[in-house]
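*Asks:* need a 3D model of the following:
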Amino acid sequence: MKAALTVLVLVLFAFTAAALFGEKAAQTVATKTDGKKKVVFMAGRPSHGYGAHEHRAGCMLLAKQLNKHMSDRLTAEVHVAKEWPGNASVLEDADAIVFYCDGGGGHMANQHLEGLDVKLKDGCGLACLHYGVETTKGKSGDKFLEWMGGYFEAHYSVNPHWDAEFKEFPEHPITRGVKPFKIRDEWYFNMRFVEGMKGVTPILSAYPPKETMKRGDGAHSGNPHVRATMEKGEIQHVAWAYERPAGGRGFGFTGGHFHRNWGDDNFRRVVLNALAWVAKVEVPRDGVPSDKIIAADLEENQDFPKPGSKKK
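*Replies:* Below you'll find the model as predicted:
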């Protein structure tokens with residue numbers, strides 16, 4: 001009987017790995033022995049040019065702070081798009097997965113929905129940053145709703161650049177140590193959330209200025225629904241936490257277009273807190289600590305050279 005149970009467990013584990021990474025994954029199963037939670041960053045490919053959508057550099061900056069200041073509770077590692085799903089060890093023992101990548105039809109998760117669903121239904125957390133919160137309506141969008149309670153839906157949500165001012169925060173582990181701040185970014189809003197926002201806690205909310213609706217209607221620029229909400233003066237939620245009914249946590253953060261914004265202490269703390277929270281790590285009373293980020297830190301690991309520099 002004991003032998004039969006052992007075989008069954010191994011078969012189920014192999015199925016999960018195969019679903020995530022393909023048949024080769026079933027050959028290798030990583031096992032954590034230190035009791036720490038594991039946060040895995042999935043960094044998208046080079047995208048917008050210097051200083052914007054710096055997925056790899058942003059992931060490495062955040063992972064460095066987690067590993068330096070939360071090393072007693074978690075470990076963080078960064079993988080780039082080309083490493084997944086080929087590398088069997090990338091996600092199989094993750095406690096939280098972070099997608100910071102280009103989204104829409106090209107989102108790296110779109111081709112692996114079934115495998116991710118197996119992983120996330122086992123309680124793994126999910127966080128999506130900036131363009132990573134956008135996927136396609138339908139099968140992918142429905143899964144994102146299940147996994148993190150909301151997503152950017154084309155022809156419904158919008159992506160203007162604006163100065164968002166965050167004055168008040170809910171009582172939540174993600175907001176620990178976060179003080180009011182104002183910052184310019186490509187803050188998406190009018191997200192598609194689960195019905196009744198059940199299980200969703202808005203983390204960052206602000207009132208977009210009317211100028212955000214100057215563009216005509218389009219997949220990302222405007223639509224009748226968002227214009228109606230703006231006319232009503234409704235507050236917009238640009239970052240949120242989600243607790244899945246069956247267990248597991250999700251986090252959506254629409255900022256992160258400009259790489260320089262990771263230098264803002266409060267902007268960065270919200271995300272660091274959230275990544276600990278989705279991994280089910282207790283967030284410190286004053287928030288996850290981090291170093292003072294300077295210009296030299298922001299220049300590290302960028303995909304594109306600084307204009308005028310000799311870097312290739």
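
*Asks:* for T201, give me its contacts.
*Replies:* Neighbour list for T201: P170, H172, W240, A241, Y242, E243 [criterion: CB atoms under 8 Å, 6 or more residues apart in numbering]. C-beta coordinates here come from the backbone N, C-alpha and C atoms, glycine included.

*Asks:* helix/strand/coil for the first one?
*Replies:* What DSSP: H, G, I helix; E, B strand; the rest coil gives for P170 is coil.

*Asks:* rewinding a little: tell me the buried residues within the contacts of T201.
*Replies:* Neighbour counting with 16 or more other CB atoms under 10 Å marks H172, W240, A241, Y242 as buried within the contacts of T201.

*Asks:* E165: which of those is nearest?
*Replies:* Within those, the smallest distance to E165 is 17.7 Å, found for W240 (CB to CB).

*Asks:* pLDDT weak spots in the stretch 201-312 of the chain?
*Replies:* Low-confidence segments of the stretch 201-312 of the chain, defined by pLDDT under 70, span residues 309-312.

*Asks:* so who does the closest residue in space to L61 that isn't next to it in sequence touch?
*Replies:* With sequence-adjacent residues excluded and distances taken as CB to CB, 6 or more residues apart in numbering, L61 is closest to W262, at 5.5 Å. With contact taken as CB under 8 Å, 6+ apart, W262 is in contact with G58, L61, L62, G256, R268, I293, L298.

*Asks:* so which of the buried ones among the contacts of T201 belong to strands?
*Replies:* Judged by DSSP state E, the subset of the buried ones among the contacts of T201 located in strands is W240, A241, Y242.

*Asks:* could these be laid out in a markdown table, adding distance to G115?
*Replies:* Output for those, formatted as a markdown table (distance: CB to CB, whole Å):
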| residue | distance to G115 |
| --- | --- |
| W240 | 25 |
| A241 | 24 |
| Y242 | 20 |
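
*Asks:* closest one of those residues to R192?
*Replies:* W240 (11.6 Å).

*Asks:* right, and that closest one touches R249 too?
*Replies:* No - contact status for W240 versus R249: not in contact, 11.2 Å apart, counting by CB atoms under 8 Å.

*Asks:* any idea how far Q302 lies from H259?
*Replies:* 7 Å (CB to CB, to the nearest Å).

*Asks:* of the two, who's got more company?
*Replies:* In this view Q302 and H259 are compared by other CB atoms under 10 Å, and H259 has more residues nearby, 23 against 20.

*Asks:* what's near enough to touch that one?
*Replies:* With contacts taken as CB under 8 Å, 6+ apart, H259 has the following neighbours: G51, A52, E54, A57, G58, L298, Q302.

*Asks:* now, which of the ones in strands among the buried ones among the contacts of T201 sits nearest G138?
*Replies:* Taking CB to CB as the measure, G138 sits nearest to Y242 out of these, at 19.8 Å.

*Asks:* the closest one is in contact with F253, isn't it?
*Replies:* No - taking CB under 8 Å as the definition, Y242 is not a contact partner of F253, at 11.9 Å.

*Asks:* tally of neighbours for L62?
*Replies:* 24.

*Asks:* and the one 3 residues further on, by the same measure?
*Replies:* For Q65, the neighbour count with other CB under 10 Å is 23.

*Asks:* same question for the one 5 residues further on.
*Replies:* M70 sits with 25 neighbouring residues when counted by other CB under 10 Å.

*Asks:* what do you get for the one 5 residues further on?
*Replies:* A count of neighbours around T75, defined by other CB under 10 Å, yields 18.

*Asks:* beta partners for it?
*Replies:* The bridge-partner assignment for T75, based on DSSP bridges, gives K38.

*Asks:* average pLDDT for stretch 184-191?
*Replies:* In this model, stretch 184-191 has an average pLDDT of 98.

*Asks:* which SS class is M230?
*Replies:* Secondary structure for M230, judged by three-state DSSP, is helix.
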